[in-house]
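Asker: No letters, just coordinates:
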């Protein structure tokens, strides 16, 4: 995670960019929303995905599944590449 620059929000500090544009990862967003376990946070992500679908937006383009290989022999880690809209839905679903 990148260090927070004075005057910069923690949300903007975890923003990433690539050729496709800006995005956030769920695993970087999780501690900002004070979730201690991935399982509990993934429940919130699932509710946010339902909200996205109910709003008529494409879930796949807002919540892209990422599977990261672990450093050791452990299981691969599940993560999500999130749009700004997806992050907003997650924050709303975590209330």
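Answerer: Received, thanks. Keep in mind the model is a prediction, meaning the values are calculated, not measured.

Asker: Can you tell me what sits against the top helix by length along the chain?
Answerer: Of all segments of type helix in the chain, defined using DSSP state H, the longest is helix 38-54. By C-beta atoms under 8 Å, 6 or more residues apart in numbering, the residues outside helix 38-54 that reach it are 26-27, 30, 33, 35, 58-59, 62-63, 78, 80, 85-86, 89-90, 92-94. The C-beta positions use only the backbone N, C-alpha and C, and glycine is treated the same way.

Asker: Mind pulling the model confidence for the residue nearest to the spatial centre of the chain?
Answerer: Centroid check for the chain by C-alpha atoms, centre = their mean gives residue 26 as the closest residue, at 2.4 Å. At residue 26, the pLDDT value in this model is 98.

Asker: Spit out the contact partners of it.
Answerer: 41, 42, 45, 79, 80, 82, 90.

Asker: For burial, what's the neighbour tally of the third one?
Answerer: Read that as residue 45. 22 (other C-beta atoms under 10 Å).

Asker: again with the second one
Answerer: Residue crowding around residue 42 was assessed by other C-beta under 10 Å; the count is 15.

Asker: Same question for stretch 42-60: list its buried residues.
Answerer: Buried positions in stretch 42-60, judged by neighbour count with 16 or more other C-beta atoms under 10 Å: 44, 45, 48, 49, 51, 52.

Asker: I meant stretch 72-86, not that one.
Answerer: In stretch 72-86, counting by 16+ other C-beta under 10 Å, buried: 79, 80, 81, 82, 83, 86.

Asker: now that stretch: mean pLDDT?
Answerer: So the average pLDDT for stretch 72-86 ends up being 90.

Asker: Off-centre distance for that stretch?
Answerer: Its chain's C-alpha centre and that of stretch 72-86 lie 8 Å apart, by C-alpha atoms, centre = their mean, to the nearest Å.
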